[in-house]
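In: Below: sequence and its predicted model.
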Amino acid sequence: MDFISNIFGPVVIGILMMLFSKKLANFFESTGSTSLIRGLDNPWTFKTVGFVIAVGYPIYYLVSLAVLKSLAA
């Protein structure tokens, strides 16, 4: 159960970022804050970050669990 609770949140957030990337990009474009951080007005920025969170974090979590278990043994 602990595994699911640690993985579920980031996966949902990553998927939501991918699904609503256009709305997020339009929000940052409308605020004019894109000059501070380049690329916030591009939907592909949010799709990429969402993919890294949704896919990369579970892989990182599984690898870190495996390493910690091997160190404890």
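Out: The structure has been received and is ready for your questions.

In: Going by neighbour count, list what's buried in the longest helix along the chain.
Out: In the chain, with assignment by DSSP state H, the single longest helix is helix 2-19. Using 16 or more other C-beta atoms under 10 Å as the burial criterion, the residues of helix 2-19 that qualify are 10, 11, 14, 17, 18. Any C-beta I mention is one placed from the backbone N, CA and C, and that applies to glycine too.

In: Out of those residues, which is nearest to residue 53?
Out: Of all the buried residues of helix 2-19, residue 53 sits closest to residue 14, with 3.5 Å by C-beta to C-beta.

In: Show the low-confidence segments of the protein, by residue range.
Out: Per-residue confidence for the chain (pLDDT under 70) gives these ranges: 1, 33-36.

In: quick one: the strands in it?
Out: Assigned by DSSP state E, the strands in the chain number zero.

In: Next, name the residue at the spatial heart of it.
Out: The centre of the chain sits closest to residue 53, judged by C-alpha atoms, centre = their mean, with a distance of 2.6 Å.

In: related to what we said a few turns ago, may I see the buried residues of helix 2-19 organised as CSV, with distance to residue 25 added?
Out: What follows is the buried residues of helix 2-19, written out as CSV (distance: C-beta to C-beta, whole Å):
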residue, distance to residue 25
10, 21
11, 21
14, 16
17, 11
18, 12
